[in-house]
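# I need the structure of the sequence given here:
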Amino acid sequence: MSEPLTTPGEGFHPHLHDAPGESAAPLRTRLHHVRADALDGDTAQSGGMRRFAAVSGKTVGSEKLWMGQTHVPPSTASSDHHHGESETAIYVVSGHPEFVFLDDTGPQPEEIRLRTSPGDYIFVPPFVPHREENPDPAEEAVVVIARSTQEAIVVNLPGLYVLGAGEA
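Below is the predicted model:
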């Protein structure tokens, strides 16, 4: 082999030596390796949880995608919120988070709780008000999030409400 082997944890371009604050190649011409200890906590937040960006316009120059993690401490609920025009896909890594929204398919709006386990997925359509809860008194809940927008859009709300068909 003429190319050096990639050392585990060194990414796919070990010959591109990035110095802090400068890149050996433009952002859109190379692969990016975002290490677990390099997630960016300087992203949109809701009370009761912490979001960390891995892939975003700011971190890697993405134009149509945001991806990161959310951590919800034990016995905690997030603020009610929605994600604007973003479609959001969620993968449960650890814990048993519950995702709460209002459904109006019956005679009265009803609070729905989606109880999850590691390995489960959740899809949140654009503008749908919801919150995440971690009822476990001992274990943090961690999820991986992918969004269809470049940055994390978070609109914090005073409460949950039903999203009408014309509002989506």
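# and the helices in the chain, which stretches?
Listed in chain order, the helices of the chain (DSSP state H) span 57-60.
# which stretches of it have low pLDDT?
In the predicted model, the chain carries pLDDT under 70 at residues 1-28, 44-45, 166, 168.
# what ranges does it have for its strands?
50-55, 66-72, 76-77, 81-82, 88-94, 98-103, 110-115, 121-124, 131-134, 141-147, 155-156 (DSSP state E).
# out of those strands, which gets nearest to Glu167?
Closest to Glu167 of the strands of the chain is strand 81-82 (C-beta to C-beta; 10.3 Å). C-betas here are computed from N, CA, C, even on glycine.
# any idea what the most centrally placed residue in the chain is bridged to?
Closest to where the C-alpha atoms of the chain average out (C-alpha atoms, centre = their mean) is Ile145, at 2.9 Å. Ile145 forms beta bridges with Gly68, Ile90, as assigned by DSSP bridges.
# what sits against it?
Going by C-beta atoms under 8 Å, 6 or more residues apart in numbering, Ile145 touches Arg51, Trp66, Met67, Gly68, Gln69, Thr70, Thr88, Ala89, Ile90, Tyr91.
# I'd like the strands of the chain as CSV, with distance to Arg35 appended.
Shown next, in CSV, are the strands of the chain (distance: least, C-beta to C-beta, whole Å):
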stretch, distance to Arg35
strand 50-55, 9
strand 66-72, 13
strand 76-77, 27
strand 81-82, 28
strand 88-94, 16
strand 98-103, 28
strand 110-115, 31
strand 121-124, 24
strand 131-134, 25
strand 141-147, 15
strand 155-156, 30
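# so how many other residues sit close to the spatially closest residue to Tyr91 that is not a sequence neighbour?
Closest residue in space to Tyr91, ignoring its immediate chain neighbours: Val144 at 4.5 Å, by C-beta to C-beta, 6 or more residues apart in numbering. Neighbour count of Val144, defined by other C-beta atoms under 10 Å: 15.
# kindly report the same for Pro126.
If you count neighbours by other C-beta under 10 Å, Pro126 ends up with 18.
# enumerate every residue touching it.
Applying C-beta under 8 Å, 6+ apart to Pro126 gives the contacts His82, His83, Gly84, Glu85, Ser86, Glu87, Ala168.
# any of those buried? List them.
With neighbours counted by 16 or more other C-beta atoms under 10 Å, these contain buried members at His82, His83, Ser86.
# as a markdown table, these with distance to Arg113 would be great.
As requested, those are exported to a markdown table (distance: C-beta to C-beta, whole Å):
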| residue | distance to Arg113 |
| --- | --- |
| His82 | 17 |
| His83 | 19 |
| Ser86 | 22 |
